[in-house]
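Undergrad: below is the structure, and that's it, no one-letter string:
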């Protein structure tokens, strides 16, 4: 019996390619929202343990990104936005990405479980599994609701942060989950509106590809109308001070105004998606603003709100 | 040297020569890495070393913080 060994070309993948595999921009948002969940949670967590928790969450998010890029390399190669990623560009072999993602994923969950607690580790495992199996493998190529349901994975980090401190769940981080969950569709559909041809070429059934431009703009507005009051809910329910309430209300109003502009822009050609691009850009700022204000509100011990209340009285 | 000694020496295999990897020239055997591959491998090796170092420091610090009950944690 003869055995033929396939010649494997030595890798040219650099450190930057592996970092790109972890989707650092998505990871930064995940870490930030998890940090907010961790800070607003009642109780005390030693800073070193908190740092360990954030590191594990970051690495877990990176693992999910790497496994996503491994599975999606074929469709990534067909889209202008993603064709330059390490695997379709030929800088990194699929097997390297798979091994990297699995190692980071298993490692981050195990270390989080050992150093912090089992609840947070289980939630991180669920997040990675949901993103990889439910979103990437199943929904992304199957339904225009892909990013709606799949958005749950991106919305879980504040709950993981909260669980790292308390070991349990509560209403407050669930509100943060809902904010990110309802933020995801307007954010990604605004992008999909001016990348429709890309998604169509790759066979990804994004809403503009399947239901059309007009329906997508309508649904962006509907989700934004739910999102804006949800954004203000932490203040309305007494979890955050009036400064948060004002910022969330104003930013929510701006989101609705932009969504209305997107709705009015329907029928525009590909190079006239001004409002869609504005909404996509502002939606990132919106989410950052909400979570940053929650952080400021909690870290100042409600001081900002008290000072504001004093002058208001 | 007797005839038997000479035959024994003739049966011995030639001394082992380890393959020279990453070198060019007549001595090169096996996979030869290009300059780019060597640079990439070195960068990856350094990154792995740094990551392991970070993990060691992290585990050490957590051990200090948690004290003797480092493995006692709520489930």
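TA: Everything's here; your move. This structure is a prediction, so every number in the text was calculated from the model and none was measured.
Undergrad: so residue A:70 is in which element?
TA: Element membership for residue A:70, per DSSP states H and E: helix A:47-71.
Undergrad: what is that helix packed up against?
TA: Under the contact definition 3 or more Cβ pairs under 8 Å, 6 or more residues apart in numbering or on different chains; DSSP states H and E, helix A:47-71 sits against helix A:15-21, helix A:24-40, helix A:94-115, helix A:118-129, helix A:157-166, helix B:35-66. (Glycine included, C-beta is placed from N, CA and C.)
Undergrad: who are the packing partners of the shortest one?
TA: Helix A:15-21 makes packing contacts with helix A:47-71, helix A:94-115, helix B:35-66 when contacts are defined by 3+ Cβ pairs under 8 Å, 6+ apart.
Undergrad: redo the helices and strands packed on helix A:47-71 as CSV? Include mean pLDDT, mean neighbour count and distance to residue A:216.
TA: Output for the helices and strands packed on helix A:47-71, formatted as CSV (pLDDT from 0 to 100; neighbours: other Cβ atoms under 10 Å in any protein chain shown; distance: least, Cβ to Cβ, whole Å):
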stretch, mean pLDDT, mean neighbour count, distance to residue A:216
helix A:15-21, 97, 19, 29
helix A:24-40, 96, 21, 22
helix A:94-115, 96, 19, 31
helix A:118-129, 98, 21, 27
helix A:157-166, 97, 27, 27
helix B:35-66, 95, 13, 41
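Undergrad: just to revisit the earlier point, out of the helices and strands packed on helix A:15-21, nearest to residue A:283?
TA: helix A:47-71 (19.1 Å; Cβ to Cβ).
Undergrad: residues from chain B in reach of chain A?
TA: Applying Cβ under 8 Å from any Cβ of the partner chain, we find that chain B lies next to chain A at B:31, B:33-34, B:36-37, B:40-41, B:43-44, B:46-47, B:55, B:58-59, B:61-62, B:64-66, B:71, B:73-75.
Undergrad: apply 10 Å and report the result again.
TA: B:22, B:31-34, B:36-41, B:43-48, B:50-51, B:54-55, B:58-66, B:70-71, B:73-75 (Cβ under 10 Å from any Cβ of the partner chain).
Undergrad: give me every residue that touches the residue lying closest to residue A:162 once chain neighbours are set aside.
TA: Spatial nearest neighbour of residue A:162, excluding adjacent residues (Cβ to Cβ, 6 or more residues apart in numbering or on different chains): residue A:173 at 3.9 Å. Counting by Cβ atoms under 10 Å, 6 or more residues apart in numbering or on different chains, residue A:173 touches A:33-34, A:36-38, A:40-41, A:156-163, A:165-166.
Undergrad: which of the three states applies to residue A:173?
TA: Secondary structure, DSSP: H, G, I helix; E, B strand; the rest coil: residue A:173 is helix.
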